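A.B. asks: have a look; sequence and predicted model below, questions after that.
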Amino acid sequence: RAFPEAGAMGATATFGRVLFAFVFIASALNKLSSLAEGGEMLDSVSPRLAVARRALARKVGIDPLFFAGDGSLVLVATLMELAGAALFVADFALGAKLLMLFILLVTPIMHPFWAAYPDAHTERAVDMIMFFKNASLFGALLVYLEMKPTLEAMKPKSKRR
């Protein structure tokens, strides 16, 4: 078997985790491909990171991310996303926690629907939908983490000889 006892919940839950994680895996692989090809996607990410850096600098007094370029930040976030998704599929709570951290860090930076959008109503609407989609995914991960120990406890213990 690919997964020992398919974790706490069986084959259906494994399939559900694969489907859930697919959005993260596909997104991460797309970002890695873009970074490998010269990082064209950084053209859309860098302006949003610049806004986040300025906001952090106003709060902290300096840019706490001064040591890392945009490409490095995107790479680290992407690797966190990919590792979290893979671990989640394998039914590790750490995977859910990494995905939650990824969502918490990336969503307000990449989908700030509350920001001013001069003549870009559609972009604002898309960011709002993406923001709340990510909030929903975060909620689903919270449910997973809450249910996992209970389901583990309910799993029948194997008899040892």
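C.D. replies: Happy to help now that I have it. Numbering: from 1, shown residues only.
A.B. asks: please state the offset of whichever helix in the chain runs longest from the chain centre?
C.D. replies: Counting by DSSP state H, the longest helix found in the chain is helix 121-154. A distance of 10 Å separates the centroid of the chain from that of helix 121-154, by C-alpha atoms, centre = their mean, to the nearest Å.
A.B. asks: please apply the same query to stretch 119-127.
C.D. replies: Worked out by C-alpha atoms, centre = their mean, stretch 119-127 lies 22 Å from the chain centre.
A.B. asks: what are the contacting residues of that stretch?
C.D. replies: Stretch 119-127 has contacts (C-beta atoms under 8 Å, 6 or more residues apart in numbering) with 111-113, 117. (Glycine included, C-beta is placed from N, CA and C.)
A.B. asks: can you list the buried residues in it?
C.D. replies: Residues 124, 127 are the ones in stretch 119-127 that count as buried (16 or more other C-beta atoms under 10 Å).
A.B. asks: can you check stretch 53-71 too?
C.D. replies: Of the residues in stretch 53-71, 53, 70 count as buried by neighbour count, 16+ other C-beta under 10 Å.
A.B. asks: just the terminal-to-terminal distance for that stretch.
C.D. replies: Terminal residues of stretch 53-71 lie 14 Å apart, using C-alpha to C-alpha, to the nearest Å.
A.B. asks: avg pLDDT for it?
C.D. replies: The pLDDT scores in stretch 53-71 average 84.
A.B. asks: likewise for stretch 15-32?
C.D. replies: For stretch 15-32, the per-residue pLDDT averages 95.
A.B. asks: ok, residues contacting it?
C.D. replies: 7, 41, 74-75, 78-79, 81-82, 84-86, 88-89, 91, 95, 99, 102, 137, 140.
A.B. asks: what's the PyMOL line that selects buried ones from those residues?
C.D. replies: Command for PyMOL, covering only those of these found buried under the criterion 16+ other C-beta under 10 Å:
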select buried, resi 7+41+74+75+78+81+82+84+85+86+88+89+91+95+99+102+137
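A.B. asks: rewinding a little: turn the contacts of stretch 119-127 into JSON lines, including distance to residue 152.
C.D. replies: Converted to JSON lines, the contacts of stretch 119-127 look like this (distance: C-beta to C-beta, whole Å):
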{"residue": "111", "distance to residue 152": "34"}
{"residue": "112", "distance to residue 152": "38"}
{"residue": "113", "distance to residue 152": "38"}
{"residue": "117", "distance to residue 152": "45"}
